[in-house]
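*Asks:* pasting a predicted model and its sequence here:
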Amino acid sequence: MRRLLLEMRRSLAAPSRNPRMATVLGRLLGSAFVICFLTGLYSHFLQQPEPWMHFATRPFFLYQLTQGIHITAGIACFPLLLGKLYSVFPNLFQTPPIRGFLHFLERASITLFVSTALIEITIGLLDTFQWYPFPFYFKQVHYALSFILIGSLAIHIATKLPVIRRYWFKKRSFDENGELLLDPEDRPVTSEQIVDEIGPRPEPTAPIARRVSGVTGRIFDWIDSAPPPKPAISRRGFVTTIGVATAALVALTGGQSFAFLNGINVFAPRKQGIGPDSLPVNRSAKAAQVLTTAMDPDWTLTVARQGTTMEFTYADLKAFPQHVEQLPIACVEGWSQMATWRGVRLSDLMATVGRRDGEGLRLTSLEKSGAYRRTNMGAEYVQDDRTLVALEVNGQTLDIEHGYPARMIAPGRPGVLQTKWLSRIEVL
Ligand SMILES: Nc1nc2c(c(=O)[nH]1)N[C@H]1C(S)=C(S)[C@@H](COP(=O)(O)O)O[C@H]1N2
Ligand SMILES: [Mo]
């Protein structure tokens, strides 16, 4: 077994498989995961706030920015994680496999981290395509896994701290001849070392399979018959590959969140300016089952506070002063787009039922069922002058797909809370 592990490590030796590369990639990957964790937490609490929480409504693009960073950093994790796995791959075959409690902790945490990370970024990517080929709820699992991921990452960093410290700076990891300084454990295994430790390879006439039978014997046969390992990809080639792959993926998908990259958006599912009123649709009117209720000429918007209830027809809403605001839809599924909205200022509307400062709202949609039929809105959004009950978008009457007759649009909020097909607004 020991010979097998040593042979594996020897045949896997490559210039880019060294602790300096692992440290460099680890820094980038670690930062990307921490950024994703923090922006993800922000998104989580916006959607499920604790009662004491208040959120910034300015800058109006704050959520668009944090969500765009979340998705883009998550996508960058694919090449970084694969590159990192490549650079540390020989460590899978350590001898002896477990050298003590700390070493066990290190290997267990890295197992947990790698598996969680792979699942986390994969289901996150699938979510941007709204494709859920797994038997669990995306949102809850993505959230729960993020804590396992960050926890195991913290343990991993703690156990690797000496290596990270040693290889953090370039200059310290090379000796005076420009040779990479490697810890004995990280040096590629040489044939001499194997001979020293295990003894010479058996003569071809006495294949090791005769001494070791079964599957292990056959693997030895296979190793012995293999030609010596070819020189693997150079360090520079490896760095270029990972760098180009990461930059290309970010550039070719970033357009879903950052409009200036729209022209080269090849892989992301949403393009800018496509859809009714030049805006993509997330939940359709058909799926929300509002095709008849939203077109009903007798539609009214109910506004209520304690004993007071007011009903506004479409014409009533049009008779309020109309305000125009540039605000983005920033979807939690990773796309965002700016649009020009026109409609009634929410605070004007709420004044008709005597809403007081600090009072939050509950919004109800015409939608029959669905997770976003009812949403709550904190007082900070109600008080912001940019928050509108929108009747128009991009110069047109709202398309039914975008929430006709009336929808909410507020600065700094996730798309899921920009309730379409409004039916009732009540003070909580
Ligand atoms: N009633 C209702 N409103 C809703 C939704 C919904 O499912 N039901 N989806 C939200 C989501 S997830 C987003 S991203 C935005 C998208 O707005 P759009 O379809 O007009 O682009 O609408 C939001 N408003
Ligand atoms: Mo969304």
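*Replies:* Sure, I can see it. Ligands and ions are numbered 1, 2, ... in the order given.

*Asks:* who's in contact with Glu120?
*Replies:* His142, Leu145, Ser146, Leu149 (Cβ atoms under 8 Å, 6 or more residues apart in numbering). For glycine as for every other residue, the C-beta is placed from the backbone atoms N, C-alpha and C.

*Asks:* how does it look with 6 Å?
*Replies:* Glu120 makes contact with Leu145, Leu149 under the criterion Cβ atoms under 6 Å, 6 or more residues apart in numbering.

*Asks:* and it, which of the three is it?
*Replies:* Three-state call for Glu120 (DSSP: H, G, I helix; E, B strand; the rest coil): helix.

*Asks:* next one: it from ligand 2, what distance?
*Replies:* Per Cβ to the ion, to the nearest Å, Glu120 is found 19 Å from ligand 2.

*Asks:* count of neighbours near the closest residue to Leu85 other than its chain neighbours?
*Replies:* Nearest non-adjacent residue to Leu85, counting by Cβ to Cβ, 6 or more residues apart in numbering: Val114, 7.0 Å away. When neighbours are counted by other Cβ atoms under 10 Å, Val114 registers 17.

*Asks:* quick check: the gap between Val114 and ligand 2.
*Replies:* Using Cβ to the ion, Val114 is found at 30 Å from ligand 2.

*Asks:* need the pLDDT of that residue.
*Replies:* Looking at Val114, its pLDDT stands at 97.

*Asks:* kindly report the same for Arg166.
*Replies:* Reported pLDDT for Arg166: 92.

*Asks:* surely it is in a helix?
*Replies:* Yes. Assessed by three-state DSSP, Arg166 belongs to a helix.

*Asks:* look at the residue of the stretch 151-300 of the chain found nearest ligand 1 and tell me its secondary structure.
*Replies:* Distances between the stretch 151-300 of the chain and ligand 1 by Cβ to the nearest ligand atom are smallest at Arg283, namely 3.5 Å. Assigned with three-state DSSP, Arg283 falls in the coil class.

*Asks:* same question for Glu7.
*Replies:* helix.

*Asks:* tell me how many other residues crowd it.
*Replies:* Neighbour number of Glu7 under other Cβ under 10 Å is 21.

*Asks:* what sits closest to it if chain neighbours are left out?
*Replies:* Ile223 (5.1 Å).

*Asks:* quick one: the closest residue to Asn282 other than its chain neighbours from Asp277, how far?
*Replies:* Spatially, and ignoring its direct neighbours in sequence, Asn282 is nearest to Cys331 (5.8 Å; Cβ to Cβ, 6+ apart). With distances taken as Cβ to Cβ, to the nearest Å, Cys331 is found 16 Å from Asp277.

*Asks:* between those two, who's got more neighbours?
*Replies:* Per other Cβ under 10 Å, whichever of Cys331 and Asp277 has more neighbours is Cys331, with 23 against 18.

*Asks:* test my guess that the more buried one contacts Val416.
*Replies:* No. Using Cβ atoms under 6 Å as the test, Cys331 is too far from Val416 to be in contact (7.4 Å).

*Asks:* secondary structure class for Ser423?
*Replies:* The three-state label for Ser423, taken from three-state DSSP, comes out as strand.

*Asks:* give me every residue in the stretch 301-428 of the chain lying close to ligand 2.
*Replies:* Cys331, Gly415, Val416 (Cβ under 5 Å from the ion).

*Asks:* you'd agree the second one is up against Cys331?
*Replies:* I take that to be Gly415. Yes. The criterion here is Cβ under 6 Å, and Gly415 meets it with Cys331 at 3.8 Å.

*Asks:* distance check, the most centrally placed residue in the chain against Phe129.
*Replies:* Residue closest to the mean C-alpha point of the chain, counted by Cα atoms, centre = their mean, is Gly74 at 3.9 Å. Distance of Gly74 to Phe129, given as Cβ to Cβ: 13 Å.

*Asks:* residues near the residue of the chain found nearest ligand 1, how many?
*Replies:* Closest to ligand 1 within the chain is Gly415: 2.6 Å, counting by Cβ to the nearest ligand atom. Look at Gly415: counted by other Cβ under 10 Å, it has 20 neighbours.

*Asks:* quick one: contacts for it?
*Replies:* Ile329, Ala330, Cys331.

*Asks:* in helices, which of those appear?
*Replies:* Among the contacts of Gly415, no member falls in helices (DSSP state H).

*Asks:* wait, which of those residues is closest to Gly360?
*Replies:* Ala330 (20.8 Å; Cβ to Cβ).

*Asks:* what is the burial count for that closest one?
*Replies:* 26.

*Asks:* which parts of this structure are helices?
*Replies:* 2-12, 19-47, 62-88, 101-128, 138-167, 191-198, 208-211, 214-225, 235-253, 314-319, 346-351, 379-383.

*Asks:* okay, buried residues for the second one please.
*Replies:* Buried residues in helix 19-47, counted by 16 or more other Cβ atoms under 10 Å: 19-26, 28-30, 32-33, 35-37, 39-40, 42-44, 46-47.

*Asks:* again, but for the longest one
*Replies:* Going by neighbour count (16+ other Cβ under 10 Å), the buried part of helix 138-167 is 138, 142, 145-146, 148-150, 152-153, 155-156, 159-160, 163-164, 167.

*Asks:* tilt between it and helix 19-47?
*Replies:* 150 degrees (axes from the mean of the first three to the mean of the last three Cα atoms, to 10 degrees).

*Asks:* so helix 138-167 versus helix 101-128, what angle?
*Replies:* 130 degrees.

*Asks:* so which of the contacts of Gly415 are in strands?
*Replies:* Of the positions in the contacts of Gly415, Ile329, Ala330 sit in strands, assigned by DSSP state E.

*Asks:* closest to Gln67 among the contacts of Gly415?
*Replies:* Ala330 (5.2 Å).

*Asks:* quick one: residues contacting Ile274.
*Replies:* Contacts of Ile274 (Cβ under 6 Å, 6+ apart): none.

*Asks:* quick check: it vs Phe267, distance?
*Replies:* 16 Å.

*Asks:* quick one: pLDDT of the spatially closest residue to Gly26 that is not a sequence neighbour?
*Replies:* Excluding the flanking residues, the one nearest Gly26 by Cβ to Cβ, 6+ apart is Lys84, at 6.2 Å. pLDDT for Lys84: 97.

*Asks:* likewise for the one 10 residues further on?
*Replies:* With respect to pLDDT, Gln94 scores 89.

*Asks:* residues near the closest residue to it other than its chain neighbours, how many?
*Replies:* Nearest residue to Gln94 in three dimensions, chain neighbours excluded: Leu5, at 7.0 Å (Cβ to Cβ, 6+ apart). Using other Cβ under 10 Å, Leu5 is surrounded by 17 other residues.

*Asks:* perfect, that will be all.
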